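Student: structure, please.
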Amino acid sequence: MLASGFLSHMKVMTDIGAVIREKLRERGKSVVWLARQLSCSRTNVYKIFDKHSVDTQELLRISVILNYDFFQHYSEEYKKRNGSDV
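Tutor: Here you go, the predicted model:
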């Protein structure tokens, strides 16, 4: 139970869909471009933007496509919660 409560709180802290949307804008790429890279529809890309968490395989693909380590947001959150600089 503790783990699910922690993960629920962590989702709120790391809104990964919003981070993906922001990085896409920073890269000057469109939703259509990302949809083509992911071989999915624009609707699915917008759904990703609305997600608080993304499957790790999907997040890895998006990280490679946008040349950005989205996992660092989870690592930073982990460090904050553990009081660690590791």
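
Student: quick check, central residue of this structure?
Tutor: Of all residues in the chain, the one closest to the mean position by Cα atoms, centre = their mean is Ile16, 3.2 Å from it.

Student: and the nearest residue to it once chain neighbours are set aside, helix, strand or coil?
Tutor: Distances taken as Cβ to Cβ, 6 or more residues apart in numbering place Val54 nearest to Ile16, at 5.4 Å, with adjacent residues excluded. No exception for glycine: its C-beta is placed from N, CA and C like everyone else's. Here Val54 is coil, with the state taken from DSSP: H, G, I helix; E, B strand; the rest coil.

Student: Leu24: neighbour count?
Tutor: Neighbour count of Leu24, defined by other Cβ atoms under 10 Å: 21.

Student: which secondary structure element is home to it?
Tutor: helix 16-26 (DSSP states H and E).

Student: go through the helix or strand just after that helix and flag the buried ones.
Tutor: The helix or strand immediately downstream of helix 16-26 is helix 31-38, counting by DSSP H and E. In terms of neighbour count (16 or more other Cβ atoms under 10 Å), helix 31-38 has its buried residues at Val31, Leu34, Ala35.

Student: save the residues you listed as a markdown table, and put in pLDDT too.
Tutor: Converted to a markdown table, the buried residues of helix 31-38 look like this (pLDDT from 0 to 100):
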| residue | pLDDT |
| --- | --- |
| Val31 | 98 |
| Leu34 | 98 |
| Ala35 | 98 |
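
Student: from those, which is closest to Lys23?
Tutor: Leu34 (10.0 Å; Cβ to Cβ).

Student: residue contacts, the closest one?
Tutor: With contacts defined as Cβ atoms under 8 Å, 6 or more residues apart in numbering, Leu34 is in contact with Leu24, Val45, Ile62, Ile65, Leu66.

Student: report pLDDT for the first one.
Tutor: The model reports Leu24 with a pLDDT of 98.

Student: check the second one too.
Tutor: On the pLDDT scale, Val45 is placed at 98.

Student: for the host helix or strand of it, name the packing helices and strands.
Tutor: Per DSSP H and E: Val45 is located in helix 42-50. Applying 3 or more Cβ pairs under 8 Å, 6 or more residues apart in numbering; DSSP states H and E, one finds that helix 42-50 contacts helix 16-26, helix 31-38.
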